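Fold the following and give me the result.
(chains A and B)
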Amino acid sequence: NAGVTQTPKFRVLKTGQSMTLLCAQDMNHEYMYWYRQDPGMGLRLIHYSVGEGTTAKGEVPDGYNVSRLKKQNFLLGLESAAPSQTSVYFCASTDSGANVLTFGAGSRLTVL
Amino acid sequence: AQSVTQLGSHVSVSEGALVLLRCNYSSSVPPYLFWYVQYPNQGLQLLLKYTSAATLVKGINGFEAEFKKSETSFHLTKPSAHMSDAAEYFCAVGNRDDKIIFGKGTRLHILP
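Below is the predicted model:
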């Protein structure tokens, strides 16, 4: 089993460009999460989803959009990238809010 | 939503010494508490989780954590540190609105 797969692993953008990060899980999990990790800030929740077709805002949602059209996929979009969005992004999934998160390997995004 | 506070962004202990990493949660009792570990250039993996079944929770690699309601704490301990324990450790809380919120992390350094 692949678990949680994030693509791409690395990306460099110029300010104002747009891009989409893809998260795919093969565990039939209902819940999926996007976090960003910055030095000294830990992991901060951007958006999450409790099922296909649903999304909700986390702690730092501004500048990001998400979609969960299929249960196995959770997309994170940046419409107009800013240098402040330079970060490592982690996707995670679980079968309920009480359960253990399975994390992807991360996507390192640099915005110049 | 519940949040967690980790005291000490860096902790150094000698090999063989006691490891104590501190985590305090918001005032009301959270549904779920977790400790995760992140080794360099990797995603996060679960060490242990508290779900109210027992106040002392045992995890992997000899780690354990004790839930203390009177102190609103969920500190992580290990009796004897090993060089392989060097990593970043995150406390997290699962909320009833399905948000899973992480602390800022504590980087554990093991001195030879």
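
the strands in the chain, which residues?
Using chain A here. For chain A, the strands defined by DSSP state E cover A:4-7, A:10-13, A:19-25, A:31-38, A:42-49, A:56-57, A:65-67, A:73-78, A:87-94, A:102-103, A:107-111.

oops, chain B please
Taking DSSP E to define them, one finds strands in chain B at B:4-7, B:10-14, B:19-25, B:32-38, B:44-50, B:56-58, B:64-68, B:73-78, B:87-94, B:100-102, B:106-111.

by contact count, what packs against the first one?
It stands for strand B:4-7. strand B:19-25, strand B:87-94 (3 or more C-beta pairs under 8 Å, 6 or more residues apart in numbering or on different chains; DSSP states H and E). Where you see a C-beta, it was placed from the backbone N, CA and C, and this is true even at glycine.

What residue in chain B is the furthest from its centre?
Here chain B reaches farthest from its C-alpha mean at B:P112, the gap being 22.8 Å by C-alpha atoms, centre = their mean.

Verify the stated contact: that one with B:E15.
Yes. Between B:P112 and B:E15 there is a contact at 5.8 Å, judged by C-beta atoms under 8 Å.

which neighbours do those two share?
Both B:P112 and B:E15 are in contact with B:M83, where contact means C-beta atoms under 8 Å, 6 or more residues apart in numbering or on different chains.
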